[in-house]
Every structure is written in structure tokens, then in C-alpha cells.
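# Build the 3D model from these lines:
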Amino acid sequence: MSARFAVPVLLATAVPATPALAQPVLGEDAAACNGGNGAAIRVQIAGLKDRSGRLKLELYPANEDDFLKDDTKLKNEGKFFRRIWATTPASGGVALCIRAPRPGRYALLFTHDRDGKNKFNFWRDGVGFPSNRKLGRSRPKWEEATINLGGGVTRVTIRAQYLRGFSGFAPYDPND
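Next up is the predicted model:
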């Protein structure tokens, strides 16, 4: 190798892989988290029980009356609602992206639809919120799902929770 080729080769190998490049962002809004303009949320999902089914993010207005309300009703009332789906990847980390219409406060819900039927199965499916508080047997409070978005990409990690016997929903533990 001549000296004139040594420098470019060294520079090319010295660039570290960043997590954003090493892990693809899933969902139809992925471009919004990969340098797109506007408000978006990049959600790192931790603790999946398995790699079956599909993953879903839903973004609601951040108030108690609208949280988990039927999307058709929200849209008929002229309120914002957004849902994205992604096939669960066979391996590796999981990052999803969902865009918002503008910066502000929203409520975010993650579900792991393990059987792919698009209906929450209390006994089988997983759920998660930005607060990552153990859900137990109670319905989630909208405050636990709220997230404040700036003008760019807001990053959050959500830990998936699954039904764990009489104690209700909790993070999955492969040792149980």
C-alpha cells in the first residue's frame, strides 16, 4: 500500500458506528426520527417477552378524557390521534418512531400485539408507557403516559410489561 492511500483507509476505519446507524428505526414514521423535520418520538423498547406479532405506538392528546379513547371518536371531535405499526424484528434492539403534528404534550401508549389480531389480549399481550411504572392490576393513569415534545426528536425508553399472575402487569423476567 502506498502512503497516499494510508490516510483515507485510517479515516474510514476510525468512524465509530452510532446506535442510530446500527439499529434501524421501525414504523411508517421512521423518516421523522432519521433527520426529518418536526416533532417526533423515538421509542426504544426494552424487555419484549418474545419476537412474535406486531408492535404498536399510539399518540393521544394529553388529558384524562381523551387518553385511550376510541380513535374514531377522537377524530370525529377534531382531536389529534396517531397510530403506527411495525412487525416485531426477529432479533436485535427495537426502536420505533411516531411523529406528532407539533411540539407539545401528548400521551403515548406502546403495545406488543403478540397474536397479531389487533385487539388487546389481556392474558397474552404486552403494554408500556413512558413512566415505566409497574402497572399492576390498575388501569394506567394518563399522567404516566404523558411526554413533552420539543421541535425535534424526543427519545424515550419504554419497558414492556406483561400479565404476571395475581400481581398484574409487570416487566417481563425471563427467569420466572
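# hey, let's count contacts and neighbours off CA atoms from now on
OK.
# List the contacts of the residue most central in space within the chain.
The centroid of the chain falls nearest to residue 43 when counting by CA atoms, centre = their mean (3.7 Å). Applying CA atoms under 8 Å, 6 or more residues apart in numbering to residue 43 gives the contacts 95-97, 155-158.
# same check, this time on residue 158
Residues in contact with residue 158 (CA under 8 Å, 6+ apart) are 43-46, 110, 128-132.
# after the helix or strand harbouring residue 43, next one along is what?
Under the criterion DSSP states H and E, the helix or strand holding residue 43 is strand 40-46. Later in the chain than strand 40-46, the nearest helix or strand by DSSP H and E is strand 54-61.
# residues making contact with the following helix or strand past that following strand?
For strand 54-61, the following helix or strand on the C-terminal side (DSSP H and E) is helix 71-76. Residues outside helix 71-76 that contact it (CA under 8 Å, 6+ apart) are 66, 80-81.
# re the thing from before, where's the strand holding residue 43 relative to the chain centroid, distance-wise?
Computed by CA atoms, centre = their mean, to the nearest Å, the chain-centroid distance of strand 40-46 equals 4 Å.
# again, but for stretch 74-88
14 Å.
# Output the below-cut-off pLDDT ranges for this protein.
Applying pLDDT under 70 to the chain picks out residues 1-22, 175-176.
# all helices for it, in order.
3-14, 19-22, 30-33, 71-76, 142-145 (DSSP state H).
# What is the longest strand seen in the chain packed up against?
Counting by DSSP state E, the longest strand found in the chain is strand 104-113. Using 3 or more CA pairs under 8 Å, 6 or more residues apart in numbering; DSSP states H and E, the elements in contact with strand 104-113 are strand 54-61, strand 126-128, helix 142-145, strand 146-149.
# For residue 117, find the nearest of these.
Among the helices and strands packed on strand 104-113, strand 54-61 comes nearest to residue 117, with 9.2 Å by CA to CA.
# partners of the closest one, with directions?
Using DSSP bridges, the strands paired with strand 54-61 in its sheet are strand 82-87 (antiparallel), strand 104-113 (antiparallel).
# Pull out the buried residues from the last one.
Just to be clear, that refers to strand 104-113. For strand 104-113, the neighbour count (16 or more other CA atoms under 10 Å) marks 105-113 as buried.
# before we move on, back to that, I'd like to know which of the strands paired with strand 54-61 is closest to residue 38.
Of all these, strand 104-113 comes closest under CA to CA, at 11.4 Å.
# Show me what the closest one is in contact with.
Residues from elsewhere that reach strand 104-113 (CA under 8 Å, 6+ apart): 48, 53-63, 67, 119-121, 125-130, 142-143, 145-150, 158, 160.
# mind checking which of the helices and strands packed on strand 104-113 is nearest residue 170?
Nearest to residue 170, of all these, is strand 126-128, at 9.3 Å by CA to CA.
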